[in-house]
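Enquirer: Fold the following and give me the result.
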Amino acid sequence: MDRISELSDDILQRILYLLSQEDAVRTSVLSKSWRDIWCTRPNLDLSDTNFKQEFLSTVDKTLQRYCDRRICLEKFQLSMSLYYSHSDLKSVWFLEKWIRALTNMGVKEFRLSIYSKDSRRRTRRVKLPFVVFEAECLQDLHVEGFMFDQTTIERNILSKHMKKLHLEKVSIEDKIFEKIITSCPLIETMSLESCKKLRNIKAYNLRHLKEFSFSSSSDEQCRIEIYPASLETINIEYADVSFPKGAEFHSLNSLFMNRVMLSSFDHFSSCKFPSLDNLAILYCDGLDESIEESHLFIDAPNINTFGYYGLLIPSFSFATTSREWSSTLFLLLTDDPSLWLLQLHKLLELLSRSEISLSICQSVRINAEDIFQENHDLVQDIKDENKPAVVVEELKLQGDLSYFSPLTNGLFSICRPRTIGDINYTDSESVLKNLMKREGGNQDELRQLWLPDLEEVSLEIYDRNRREWDPTSLSDLPDYEEEKRISTRFALKWREN
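Expert: Okay, the predicted model is just below:
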């Protein structure tokens, strides 16, 4: 017995709501009762990629049917391509007609994606019709590929209940953007991706904003001043960012900054992040420890994970009461590592209360003699002051293995890694020899500063089925097969300080 077909139309429409447009249409062949249900479901997703011919006519007739039958439409998605020619001008006319009809149907979620090019295949943006913002019931707006100009906001913006705003690959100037967000104070989620002409963002009035995401490119630099106390997530790529001095982000849980320029280190350091759980800073300019003003103090008592990726060794310090938190550092070694190692030692000391994972990508030639004296004095000072070496849970080294020995001599002088990972298992034997061999000259003298503390080195192989590391030996390693993904690492046991 077909019990599903006996359900009410409201329940059947809700089932179809969860399906794609194509799958919803396919249900029309199931039985007579299913034949026309898809025509009245509360969401439409129409793309010209799925209609090889008569796309405009199909959309027009579909919306007219909804209007004639006074069917409520909650969600509407439209994706189409235009090539600027006389024949496609009617597409723009249809677009305005459809949007006006949708505003009258009480649509709550609206997604418009348009890809337009001229006769030379250059990107051309279609003006977004002003009627979009006349939809009083609109709560979620996603616009892609349009141009916002003065005509877009020439009338009053009636979408006062909008909670989500996503602008992608649009052209929009500061004044127009400011009027939109000023007129929509209930926005909770705002995402701005690859927006042209947008140079300044100030969102002080968005008292309900919880999630803010911004991404651009290096040639579209934007200045962002953002401080709604309600913020829970910030994700920013390629921008100049200003944090208000002394601000308290009491709800902020996650902060991600990629290629961001902080306008003031003092202002950021004076902010409080009592709920911050995750902080990631990637390739941000200005975090050079050699510049005194660039020290970054982070007041995050409940931090759980911290990540830093960059070319320079930053100067960070944390005010935290967290007992168990982790730090992930990924450093690109592009210069002589003499001062580099001294700076790294300072950073590791500042993060020593966390569980540290350190990855170093090294591609330059290392002059072992140049770094000997400086590291020798550093380690000697540590020993004279009876300081325990910083424990690193995981050390990953990437680069030419011919530089492995002088680099590890320097690293082992300032930290005690428990594992060395990300090693191609075909290189395991040479890495083991590098760890255990004696060297002549200054390198051997430097090695003797840490080698007495190394009690044991063992090889481990990763079991992908059990997701665990197992002890092994060089003789037990499987034969090399290019298609096999085999991971090995070394476990190091150090003498207790």
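
Enquirer: all helices for the stretch 151-300 of the chain, in order.
Expert: For the stretch 151-300 of the chain, the helices defined by DSSP state H, counting those that start in this stretch cover 174-183, 265-270.

Enquirer: Quickly, which of these bottoms out on average pLDDT?
Expert: In terms of average pLDDT, helix 265-270 trails the rest of those, at a mean of 88.

Enquirer: how about it: buried residues?
Expert: Of all the residues in helix 265-270, those buried under the rule 16 or more other CB atoms under 10 Å are F265, F268, S269. Any C-beta I mention is one placed from the backbone N, CA and C, and that applies to glycine too.

Enquirer: give me the low-pLDDT residue ranges for the stretch 251-400 of the chain?
Expert: By pLDDT under 70, the low-scoring segments of the stretch 251-400 of the chain are 285-294, 334-339, 363-387, 400.

Enquirer: Counting neighbours, what do you get for R447?
Expert: When neighbours are counted by other CB atoms under 10 Å, R447 registers 20.

Enquirer: my guess is it contacts L411, does it?
Expert: No: using CB atoms under 8 Å, R447 makes no contact with L411, being 11.9 Å away.

Enquirer: ok, P478 to D463 distance?
Expert: From P478 over to D463 the distance is 12 Å, taken as CB to CB, to the nearest Å.

Enquirer: Likewise for P274?
Expert: Taking CB to CB as the criterion, P274 is separated from D463 by 41 Å.

Enquirer: a markdown table for the helices of the stretch 151-300 of the chain, including distance to R489?
Expert: Below are the helices of the stretch 151-300 of the chain laid out as a markdown table (distance: least, CB to CB, whole Å):
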| stretch | distance to R489 |
| --- | --- |
| helix 174-183 | 49 |
| helix 265-270 | 36 |
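
Enquirer: Let me know which of these is the nearest to C361.
Expert: Ranking the helices of the stretch 151-300 of the chain by proximity to C361 (CB to CB) places helix 265-270 first, at 26.1 Å.

Enquirer: Can I get the closest one in CSV, CA atoms only?
Expert: The C-alpha trace of helix 265-270 is given here as CSV (Å, rounded to 0.1, in the frame of the first residue of the first chain):
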residue,chain,number,x,y,z
PHE,A,265,48.3,46.6,17.5
ASP,A,266,47.7,48.6,20.6
HIS,A,267,43.9,48.7,19.9
PHE,A,268,43.8,44.9,19.3
SER,A,269,45.9,44.2,22.4
SER,A,270,43.5,46.3,24.5
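
Enquirer: And the helices of the stretch 151-300 of the chain: which comes nearest S352?
Expert: Among the helices of the stretch 151-300 of the chain, helix 265-270 comes nearest to S352, with 20.1 Å by CB to CB.

Enquirer: Just the residues contacting that closest one, thanks.
Expert: 242-247, 262, 286, 293-299 (CB atoms under 8 Å, 6 or more residues apart in numbering).

Enquirer: So which of the residues you listed are in strands?
Expert: When DSSP state E is applied, the contacts of helix 265-270 are split such that S242, L262, L296, F297, I298, D299 fall in strands.

Enquirer: Are any of the residues you listed buried, and if so which?
Expert: Using 16+ other CB under 10 Å as the burial test, those include S242, L262, L296, I298, D299 as buried.

Enquirer: which residues does the nearest residue to L128 once chain neighbours are set aside bridge with?
Expert: Using CB to CB, 6 or more residues apart in numbering and skipping residues adjacent in sequence, the residue nearest L128 is F146, 4.1 Å away. Counting by DSSP bridges, F146 is bridged to V126.

Enquirer: cool, I114 as well?
Expert: So, taking DSSP bridges as the rule, I114 has M80 as bridge partners.

Enquirer: From L351, how far off is it?
Expert: Going from I114 to L351 by CB to CB gives 48 Å.

Enquirer: and if you look at N465?
Expert: 34 Å.

Enquirer: Neighbour count: the two, which is higher?
Expert: L351 (22 against 5).

Enquirer: And for V107, the neighbour number?
Expert: Residues contacting V107 under the criterion other CB under 10 Å number 24.

Enquirer: so it touches L78, yeah?
Expert: No: in this structure, V107 is not within contact of L78 by CB under 8 Å, at 11.1 Å.

Enquirer: Can you check which residues contact both of these two?
Expert: With the criterion set as CB under 8 Å, 6+ apart, the contacts of V107 and L78 do not overlap.

Enquirer: how long is stretch 189-209 from one end to the other?
Expert: Stretch 189-209 has its terminal residues 6 Å apart, counting by CA to CA, to the nearest Å.

Enquirer: list the buried ones in it?
Expert: T189, M190, S191, L192, C195, L198, I201, K202, A203, L206, L209.

Enquirer: ok, now stretch 218-227?
Expert: C222, R223, I224, I226, Y227.

Enquirer: Now for the closest residue to the first one other than its chain neighbours: which residues touch it?
Expert: With CB to CB, 6+ apart as the criterion, C222 has its nearest non-adjacent residue at 4.9 Å, and that residue is A239. Residues in contact with A239, defined by CB under 8 Å, 6+ apart, are F214, S216, Q221, C222, R223, I224, V260, M261.
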